[in-house]
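Undergrad: Below is the sequence, then the predicted model.
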Amino acid sequence: MHPLNPNVLLAIPLLPLAAALIAGLGGRWIGRTGAHTVTCLAVGISCLLSLLVLQQVYSGHAPLYDQRVYAWLVSDGMSMQVGFWVDRLTALMMAVVTFVSLCVHVYTIGYMADDPGYTRFFSYISLFTFSMLMLVMANNFMQLFFGWEAVGVVSYLLIGFWYTRPSATFAALKAFIVNRIGDFGFVLGIAGIAYYTGSLDYRSAFAAAPGIAQAVLPITSDSGVPALTLICICLFIGAMGKSAQVPLHVWLPDSMEGPTPISALIHAATMVTAGIFMVARMSPLFEYSDAALSFVMVIGAITAFFMGLLGVVNNDIKRVIAYSTLSQLGYMTVALGASAYGAAIFHLMTHAFFKALLFLAAGSVIIALHHEQDMRRMGGLGKYMPITAVTCWIGALALVGTPFFSGYYSKDAIIEAVGASHRFGSGFAYWCVLLGVFVTSLYTFRLLFMTFHGPERFRDPATPAASPALSHEGGKQAPAHAPGEPGADVRAASAHGTHGDEHHGDPHESPAVVTVPLIALAIPSVLIGAFTVAPVLFGDYFGRSIFVLAANDVVARVAEEFAEPVWVSFGLHGLIAPPFWLAVLGAVTAWLFFLRNPAWAQSTAQRFAWLYRLLTHKYYFDWVNEKIIAPLTRGIGIGLWRGGDEVIIDGAMVNGTAAGVSRFGSILRQVQTGYLYSYAFWMMIGLALLLGWFLLHFRG
């Protein structure tokens, strides 16, 4: 075996960092061409090196790489360092992150061509890539937390990229604050690891897991909570924020306020995948806590089904895909809770390709319609944009789990694995992910039919079209965005401002710089699942990268049902399995309600007005946050400020101490008269007191 070259591993994250600094600090000197050239070249080389590392690791020519780069800080015997842990899980994530990022970089050249913040955007997305690579390559919790926070900061910058729009600023702040809530739990989990192991290294934490599983943290004199369960739940709370699981999901749909390329990057390869990767990496810890895994499974199941329903009633093309991401992240989380970590990472990989494809295809449509995002003002675009339409159809078929497409192998494997699990909550989770197939198919085909088929509703965007979409108020036609809500400002008035509000002429296909990344992503969206299902899902690809107790290995039990070649037998099995027919039912329903007879959608919305109102208000999570939680926390903060800071800290401790010293000094000043006889008098009194004390003490 030949160990991995440390210089190659250093180059993979540092090249995007160097490019980000060059484009960000030197953008005015190198210009637009220089900015996109240096960033695309850096990420492209990083991608090639990542594929090389993947080939070396997969072929078995390179052992686990666990080395320190340098020690950042040593405190009380605990070393905080920068180092790399590169195994098969890491190598797979590196390849996915850099490949999707490269496609997004190239696509951005066309999409952001008219934006005045062109060089700044390239700097941000390159920095985003660096942050995610540092996260997945970390060999210790300190570096993991650095990457974790770095992707959060850069996502804040990118979601609020068009900072002159209040809705974008609001969305960026919302994402930042919600993630800070999750990160509080994440920090507590890391602190628990440090407390029980005295180290922040993965190797030490994983080795100590069986011992920590026996420890109990006392709550009262008679009761306690298993330490490892509490640690794992705290770590997962961090993942709930990053990977947008209920109830910390509220930031993800609003992240659509950022430019489409960053929507693709956040939803496909960075940020939201960080939580899934982290739990899979921490499998040696989670495997010893059934309670924590059940918690993970139930949260994922709720997210998978109920967030998918929101995509059925939304009319913004990007937000529909965003709710799809929420749902698919729920599928991955359910797999983690079922101990099917390999299935979760497999779905993360396939999902990265077809979800990036769907977002970039949506961006191509938005470009063609002069930044129109309302699907009720689209329709019939297939004949004008054949490459975009075909690639979007490919991504959609992969998303709904069509047999032999990439998404089928990973998504149905999760459903099968959850069905084979006997963990508490697995029954509820199974029905959520199974029924979620119908919901996924319904909103996906609704998007396809409303965008690329049916009547052309984009001719006069100023007039609301006769819409086949469900409306926002009792079945009546509503405007694309309510005044004051995120997205209400006109897209054409954004930083892209060269486009007018009116559509001049027929839409046309996007340039090659946009369509080539679509084709590049469409190929793995079809093929990657069939090529990798045998080794990655049912084989021994992950090896020791993922730890699963023998009693919890549901993926192995599922694998026993299929003969070689697995991609054929598993694909044929899908044609007779319930998920496929639920997907067909969803497609037929979408065709009937949104293409064949749109009036049915309107009447259904009116008949089930209470349900429709619940969905259009997103289960009132935002209302609760804005009307109850925000005022409550603001009131607590004001109370602590006025009662604690002003009264106790400033009043009693700071100002009170100063006032007390001042008063005491005023008293002492009365003694300092400046007269010699006065000092002699007080000296005599002092000597008398001392003499009296001495005589009393001596006599005693």
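TA: That came in fine, so what should we check first?
Undergrad: Contact partners for V225?
TA: Applying Cβ atoms under 8 Å, 6 or more residues apart in numbering to V225 gives the contacts 216-217, 219. From N, CA and C alone the C-beta is placed, and that goes for glycine too.
Undergrad: host element of it?
TA: Following DSSP states H and E, one finds V225 within strand 224-226.
Undergrad: other SSEs contacting the helix or strand just after that strand?
TA: For strand 224-226, the following helix or strand on the C-terminal side (DSSP H and E) is helix 227-242. Judged by 3 or more Cβ pairs under 8 Å, 6 or more residues apart in numbering; DSSP states H and E, the packing partners of helix 227-242 are helix 141-159, helix 166-197, helix 202-212, strand 216-218, helix 272-281, helix 283-286, helix 290-313.
Undergrad: run the last query once more with 6 Å
TA: Applying 3 or more Cβ pairs under 6 Å, 6 or more residues apart in numbering; DSSP states H and E, we find helix 227-242 packed against helix 166-197, helix 272-281, helix 290-313.
Undergrad: roughly how far is it from the heart of the chain?
TA: 15 Å (Cα atoms, centre = their mean, to the nearest Å).
Undergrad: May I see the buried residues of it?
TA: 227-242 (16 or more other Cβ atoms under 10 Å).
Undergrad: Give me the pLDDT for the residue nearest to V671 when sequence neighbours are not counted.
TA: For V671, ignoring the flanking residues on the chain, the nearest one in space by Cβ to Cβ, 6 or more residues apart in numbering is W682 at 6.9 Å. Note for W682: predicted pLDDT of 77.
Undergrad: W682: which element?
TA: Going by DSSP H and E, W682 is in helix 676-699.
Undergrad: if we can go back for a sec, nearest to S678, of the buried residues of helix 227-242?
TA: C234 (67.0 Å; Cβ to Cβ).
Undergrad: Now do the closest one against I317, distance only.
TA: Noted for C234: a distance of 37 Å to I317, by Cβ to Cβ, to the nearest Å.
Undergrad: Please apply the same query to A601.
TA: A601 is 17 Å from I317, by Cβ to Cβ.
Undergrad: now swap in D412 and tell me
TA: 26 Å.
Undergrad: Nearest approach to T673 belongs to which of the helices and strands packed on helix 227-242?
TA: Using Cβ to Cβ, the nearest of those to T673 is helix 166-197, at 59.0 Å.
Undergrad: Please compute how far that closest one lies from its chain's middle.
TA: Counting by Cα atoms, centre = their mean, helix 166-197 comes out at 12 Å from the chain centroid.
Undergrad: So for A601 and I317, which residue has more residues nearby?
TA: I317 (26 against 22; other Cβ atoms under 10 Å).
Undergrad: quick one: low-confidence ranges for the protein?
TA: Low-confidence segments of the chain (pLDDT under 70): 1-2, 61, 460-505, 644, 646, 699-700.
Undergrad: List the buried residues for stretch 184-204?
TA: Buried, per 16+ other Cβ under 10 Å, within stretch 184-204: 185-190, 192-194, 196-197, 199-202, 204.
Undergrad: would G83 count as being in a strand?
TA: Yes - G83 forms part of a strand when assessed by DSSP: H, G, I helix; E, B strand; the rest coil.
Undergrad: Report the beta-bridge partners for it.
TA: R68 (DSSP bridges).
Undergrad: show me the contacts for it.
TA: For G83, the contacting residues are 67-69, 139, by Cβ atoms under 6 Å, 6 or more residues apart in numbering.
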